[in-house]
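S.K.: please find the sequence and the predicted model below.
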Amino acid sequence: MTSPPLSADAIRSTLNTVQIGQRLYVYDNVPSTNSEAMALAQAGAEHGTVVVADCQTAGRGRLTRQWYSPPGMNLYCSILIRRKRSRPDVVEWLSWLPLATALAAAEAVQTVSSISLSLKWPNDLVYGDQKVGGVLCENFQPASHGPMVVIGIGLNVNLPRESLPEDLRETATSLFEILKSPLDRNRLLAQLLNELEPVLNELTVHGANRLQHAYLRRCSTIGKLVRVIMGVEEEIVGTAESISRDGALQLRTSRSSATGAAPELIEIHAADIIHLR
Ligand code: BTN
C-alpha cells in the first residue's frame, strides 16, 4: 500500500526524545536491524542509537523463528540500550524490557491510528488473536562498552493480506488490514520512540511496578485458558492468572487427566502460548 518512504528527516520531524533516536540510521536493506545495531555498537555506537530498515533479508523472531520482512510496507527497527552493570534488580529489568517495549509500541499504534492492540504474553502485539507485531531483545557485549541490549521491534504496518505467506494468513494481520488505509511509517516510528523513552526511564528508575499495572490492562492472555509450549515434548494447559514482578506468566495448571495431578500455580519464564478460550 502506498505511503511515504522511510526517511530520517521525516522521522525527526515528529521525534521529541532526549536520547532514543537522536542517532538514527535508515537503511534500504539489511540482513537484520538487530545485527546491524550490534555491529554499530561494536564500532562505538551509543545508547539510544536507532536502526530502521525498509527490508530485512534475515529478520529474526523469538525462539529462532524467521521474521517476514518484505520491502516498502512494514517497520523493522532496533534500539541500542546500555545495560547498567551492577543493578541489584538486573533480572527484573532485563525480563521487563521486552514487555515494556511491547506496551510502548501498543500505545504508539493507538496514538497514530486509534487501533487498540492487545498484548499476548510475553511480547506479541495482537488484534484479536492475530499477530501484528513482536519484540526481540538480545543481550550482547561490544568490545568497547559494557553490556548492551538491542531491542528489535517488527510491526506489520501497510502489509496487504495477500502479501502474507499463506501459512501466516490465519494467524497474522497488519494495521492496514484493520484500518483499511495506509499509515505513515515515519510518524509511527517517531511515536514509538516517543513512547519508548519514558517507559524505559520508568523501568530503569522505578522498576516494573507501575508498568506491570499498565501491562496487565492491555494483556489479553490474563484470564484465558492457554496451552504453554516449552519444548518439543513439553506442554502445559492452564489458566493465566497474572504476571509476576519479574515478568513471568503465573499459570494455574488444569488437573491432569493422565495423572490426576492437582492444579498448582506455576511461573513460566519463556514459552510459546496458544490462547484456547
Ligand atoms: C517475534 O518473534 O515476535 C519478535 C519479532 C521481532 C522482529 C524484529 S524486526 C526488527 C528486528 N530485527 C530482527 O531481525 N528482528 C527484530
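M.R.: Arrived safely, thanks for sending. Nothing here was measured: the structure is a model prediction, and the numbers come from that model.

S.K.: list the buried ones in the host helix or strand of Leu193?
M.R.: For Leu193, the element it lies in under DSSP states H and E is helix 185-206. Neighbour-count burial for helix 185-206 flags 185-197, 199-200, 202-204 (criterion: 16 or more other C-beta atoms under 10 Å). (Each C-beta comes from the backbone N, C-alpha and C, glycine too.)

S.K.: got a list of what the residue in the stretch 51-200 of the chain that the ligand sits nearest to touches?
M.R.: Here the residue of the stretch 51-200 of the chain nearest the ligand is Gly134; by C-beta to the nearest ligand atom that distance is 2.0 Å. Neighbouring residues of Gly134 by C-beta atoms under 8 Å, 6 or more residues apart in numbering: Gly61, Arg62, Trp67, Ala102, Asn123, Asp124, Leu125, Ile153, Gly154.

S.K.: apply 10 Å and report the result again.
M.R.: Counting by C-beta atoms under 10 Å, 6 or more residues apart in numbering, Gly134 touches 61-62, 65, 67, 98, 102, 105, 120, 122-126, 152-156, 172.

S.K.: let's see which of these end up in helices.
M.R.: Pro98, Ala102, Ala105 (DSSP state H).

S.K.: need the per-residue pLDDT for the residue of the stretch 51-200 of the chain closest to the ligand.
M.R.: Gly134 carries a pLDDT value of 98.

S.K.: what about it, which helix or strand?
M.R.: Assigned by DSSP H and E, Gly134 belongs to strand 130-140.

S.K.: again with Thr14
M.R.: Per DSSP H and E, there is no helix or strand for Thr14.

S.K.: now do Ile20
M.R.: Ile20 belongs to no helix or strand, assigned by DSSP H and E.

S.K.: flag every residue of the stretch 101-250 of the chain that's near the ligand.
M.R.: Asp124, Gly134, Val135, Leu136, Gly152, Ile153, Gly154 (C-beta under 6 Å from any ligand atom).

S.K.: out of those, the closest to Val237 would be?
M.R.: Asp124 (19.1 Å; C-beta to C-beta).

S.K.: what sits against that closest one?
M.R.: Contact analysis of Asp124 by C-beta under 10 Å, 6+ apart lists 61-62, 102, 117-118, 130-135, 220-221, 272-273.

S.K.: Pro71 reaches Tyr27, doesn't it?
M.R.: No. Counting by C-beta atoms under 10 Å, Pro71 stays clear of Tyr27, with 11.0 Å between them.

S.K.: now list whatever residues contact both of the two.
M.R.: Listed as contacting both Pro71 and Tyr27 by C-beta under 10 Å, 6+ apart are Ala53, Asp54, Cys55, Gln56.

S.K.: just checking, the last one touches Tyr68?
M.R.: Think Gln56. Yes. Applying C-beta under 10 Å, one finds Gln56 in contact with Tyr68, separated by 9.1 Å.
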